[in-house]
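Chemist: Everything below, folded, please.
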Amino acid sequence: MLLSTGQIFNITSDVLLFGKVDHYQICNFEGGIILSPSRRSVIINSVEVDLQKKEFDILHYLMSNSECILTHSQILHRIWGDKDEIDNNVIWRTINRLRNKLSKLSPKIDFIKVERNVGYKFISKNY
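Modeler: Below you'll find the predicted structure:
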């Protein structure tokens, strides 16, 4: 999706942001990713990523806790609340879909690292 005038994103090795964006997070690295919580949008390499609600919420949570391992339990309670019927397979499938969508636009960078039997973390530096 192309952005309208006044909302142009120019991604370089330093990830520069031009235009009006009310609330955003920027991770600076090659293959940069821009997440705008107020617009609920994610942009990689100047292309907007089409994410489902839970995928966006998980990515936002992981990016907000960059480089920290978030356990399955933390993700479950933050994203799904106290729903007892949700299990780790739902989290795994949702994060797997999210990782696949992100890798299509930036195949050389793995933004979400799996910590086996523990949880997941967002990698802000992939040099």
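
Chemist: where in this structure is pLDDT low?
Modeler: 1-31, 84, 125-127 (pLDDT under 70).

Chemist: Just the helices from it, written as ranges.
Modeler: With helices called from DSSP state H, the chain shows them at 53-64, 72-75, 88-105.

Chemist: Give me the contact list for the shortest one.
Modeler: Taking contacts as C-beta atoms under 8 Å, 6 or more residues apart in numbering, the residues outside helix 72-75 that touch it are Ile58, Tyr61, Asn88, Ile91, Gly119, Tyr120. Where C-beta positions appear, they are placed from N, C-alpha and C, glycine not excepted.

Chemist: hang on, the earlier thing: pick the most deeply packed of the helices of the chain.
Modeler: Counting by mean count of other C-beta atoms under 10 Å, helix 53-64 has the highest mean neighbour count of the helices of the chain, with a mean of 19.

Chemist: chain center to it: distance?
Modeler: 6 Å (C-alpha atoms, centre = their mean, to the nearest Å).

Chemist: Could you do stretch 62-81 as well?
Modeler: Here stretch 62-81 is found 12 Å from its chain centre; the criterion is C-alpha atoms, centre = their mean.

Chemist: Need the distance between the two termini of that stretch.
Modeler: Using C-alpha to C-alpha, to the nearest Å, the end-to-end distance of stretch 62-81 comes out at 16 Å.
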